[in-house]
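[1] let's see this in three dimensions:
(chains A, B, C and D)
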2 protein chains.
Amino acid sequence: MAVTRAEQRAATRRALLAEGRRRFAADGYHEVVLAEVAKAAGVTKGAAYHHFESKAGLFRAVVAEVQHELGERVADAAEQHDDPWERLRAGCRTFLAAGCDPVVRRIVLVDAPAVLGWDEWRAMDEDSSARHLAEALEDLVRTGTIAQQPLEPLARLLSGAMNEAALWLARSAGPEAAAQTERALDRLLNGLRRDAD
Amino acid sequence: MAVTRAEQRAATRRALLAEGRRRFAADGYHEVVLAEVAKAAGVTKGAAYHHFESKAGLFRAVVAEVQHELGERVADAAEQHDDPWERLRAGCRTFLAAGCDPVVRRIVLVDAPAVLGWDEWRAMDEDSSARHLAEALEDLVRTGTIAQQPLEPLARLLSGAMNEAALWLARSAGPEAAAQTERALDRLLNGLRRDAD
DNA sequence: TCGTTTCACATACCTCGGGTATGTGAAACG
DNA sequence: CGTTTCACATACCCGAGGTATGTGAAACGA
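    Predicted coordinates for the structure are as follows:
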């Protein structure tokens, strides 16, 4: 089989990303040593620096990847529904469930803000997940389900609430915790509705 | 002036904590080099390791200090009011304002979860701020202002909402952002009330 | 087909910073 | 006043991120 250079390059990059994702999720950014990631991926540290500008650069690429997948999952869940209100709820539920995944939890929610800086983290979050939340809220205003109001602060509050709840859910043993959290979130959201339930 | 050993020890510890707090807030945990903190505090690295078990140990002590002060401020603000509902609102407003302080923002909200681990961060947060939130919610249930319900998930949602909102507020230029966030938070909380506004 | 260029890495090396082991001089103590 | 304690200072180790340079096999042009 002929292996072109482009194919080999892509394969190496994928291997580094995959191994990085595993280790960042399992051990946390600081505990991960780049040379070991490279070794496990079948290459040396030089390859890693050829593909990424630094250890933080590899981490950034992993975060972007995970964020993107997360956003897709949330969007897919929302699209299962037609009613804007149910779209929002479905997205929230999916996010809460996904946040329990150690990959999302450790990489995106815990380490990323500290490693990449809060501003960059927020920009990446906006591109993947938070954007969907903002759109969902806009739909709710457009359809008159909730009153017109500044949506940016509201989106931030809800985004933070779900981030933290996801982190907490992953640590709470009770299987009823997820359901309780969803109910509590429902109650909060219902406060925004204009008409009765 | 006679300087006893205990006094000197306490002074050195205070100096290390103060300088650490400054640098951790300004540059972030990773960028801070322990030897420079010690030097700026008028001692050497050896002194730092005599007082704290590691760089993370100094950071942990700083986090505990800042968390404690933050909790006090929130509690003080709440105690200005008698009505449980207003106590909660006052505490939330105070927290949102305090979270904009770079010391709280960078040290407690951004770096601490990654450096100390989310579990330890959460335990410290519970001891200082989150405990007050939980008590406020219990009061609201006791007085019948909000319906009886599992309070732990609700407290987590609200805590996360305010953490994220505080982080965002510190970055948003507009002076109306704080007021808008408080209004949005009010709307969410109002959803919990049993009776009309 | 063959010389040349490109490039995807490997290898060797540097440096900085966290951590440790040990020394020291002045209080504390009997 | 001799001895002990202890709050540091000094010297050293080493692991890990980052860099500079080498290399061999594809890619390419003639």
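[2] quick one, what contacts the residue nearest the centre of chain A?
    Centroid-nearest residue in chain A: A:Q67, 4.0 Å away (criterion: CA atoms, centre = their mean). Residues counted as contacts of A:Q67 (CB atoms under 8 Å, 6 or more residues apart in numbering or on different chains) are A:108, A:124-125, A:127-129. In this view, the C-beta of every residue, glycine as well, is placed from N, C-alpha and C.
[3] got phi/psi on the closest residue to A:R194 other than its chain neighbours?
    Computed as CB to CB, 6 or more residues apart in numbering or on different chains, the closest residue to A:R194 that is not its neighbour in sequence is A:A147, at 5.6 Å. Note on A:A147: backbone dihedrals following degrees, to the nearest 10 are phi -70, psi 150.
[4] show me what contacts A:A147?
    A:141, A:192, A:194.
[5] which single residue in chain A comes nearest to chain B?
    Relative to chain B, the nearest point of chain A is A:G191 (1.5 Å; CB to the nearest CB).
[6] rewinding a little: most neighbours out of the contacts of A:A147, which is it?
    A:L192 (22 neighbours; other CB atoms under 10 Å in any protein chain shown).
[7] what sits closest to that one if chain neighbours are left out?
    With CB to CB, 6+ apart, the residue lying closest to A:L192 is A:I146, at 4.4 Å.
[8] can you pull out the low-pLDDT segments for chain A?
    Residues of chain A meeting the criterion pLDDT under 70: A:1-2, A:195-197.
[9] can you list the residues of chain A near DNA strand D?
    For chain A, the residues in contact with DNA strand D (CB under 7 Å from any atom of the strand) are A:2-6, A:32-35, A:45-46, A:49, A:54-56.
[10] so which of those sit within strands?
    Applying DSSP state E to the residues of chain A next to DNA strand D, no entry is found in strands.
[11] the lengthiest helix in chain A and DNA strand C in contact?
    Under DSSP state H, the helix in chain A containing the largest number of residues is helix A:55-79. No - Helix A:55-79 is not in contact with DNA strand C by CB under 7 Å from any atom of the strand; minimum separation 13.4 Å.
[12] buried ones in that helix?
    Of all the residues in helix A:55-79, those buried under the rule 16 or more other CB atoms under 10 Å in any protein chain shown are A:55, A:58-67, A:70-71, A:73-75, A:77-78.
[13] circling back to that earlier point, tally of neighbours for the residue of chain A closest to chain B?
    16.
[14] contacting residues around it?
    B:187-192.
[15] from A:R60, how far out is it?
    37 Å (CB to CB, to the nearest Å).
[16] now do A:A136
    27 Å.
[17] who are the packing partners of the helix or strand where A:A123 lies?
    Here A:A123, judged by DSSP states H and E, is contained in helix A:118-125. For helix A:118-125, the packing partners by 3 or more CB pairs under 8 Å, 6 or more residues apart in numbering or on different chains; DSSP states H and E come out as helix A:55-79, helix A:112-116, helix B:151-171.
[18] any idea of the angle the first one forms with helix A:151-169?
    When you say that, I think you mean helix A:55-79. 100 degrees (axes from the mean of the first three to the mean of the last three CA atoms, to 10 degrees).
[19] which residues touch the next helix or strand after helix A:55-79?
    For helix A:55-79, the following helix or strand on the C-terminal side (DSSP H and E) is helix A:84-98. For helix A:84-98, contacts defined as CB under 8 Å, 6+ apart pick out A:70, A:73-81, A:104, A:129, A:132-133, A:136-137, A:139-140, A:143, A:145, A:158, A:162, A:165-166, A:169, A:178, A:181-182, A:185-186, A:189.
[20] pull out the buried residues from the residues you listed.
    Buried subset of the contacts of helix A:84-98 (neighbour count, 16+ other CB under 10 Å): A:70, A:73-75, A:77-78, A:104, A:129, A:132-133, A:136-137, A:139-140, A:145, A:158, A:162, A:165-166, A:169, A:178, A:181-182, A:185, A:189.
[21] what about the residue in chain A that DNA strand C sits nearest to, how many neighbours?
    Distance from DNA strand C to each residue of chain A (CB to the nearest atom of the strand) is smallest for A:G46, at 2.4 Å. Other residues within reach of A:G46, judged by other CB under 10 Å, total 10.
[22] residues in contact with it?
    No contacts exist for A:G46 under CB under 8 Å, 6+ apart.
[23] got the domain boundaries for chain A?
    A:1-52, A:64-190 (automatic domain parsing).
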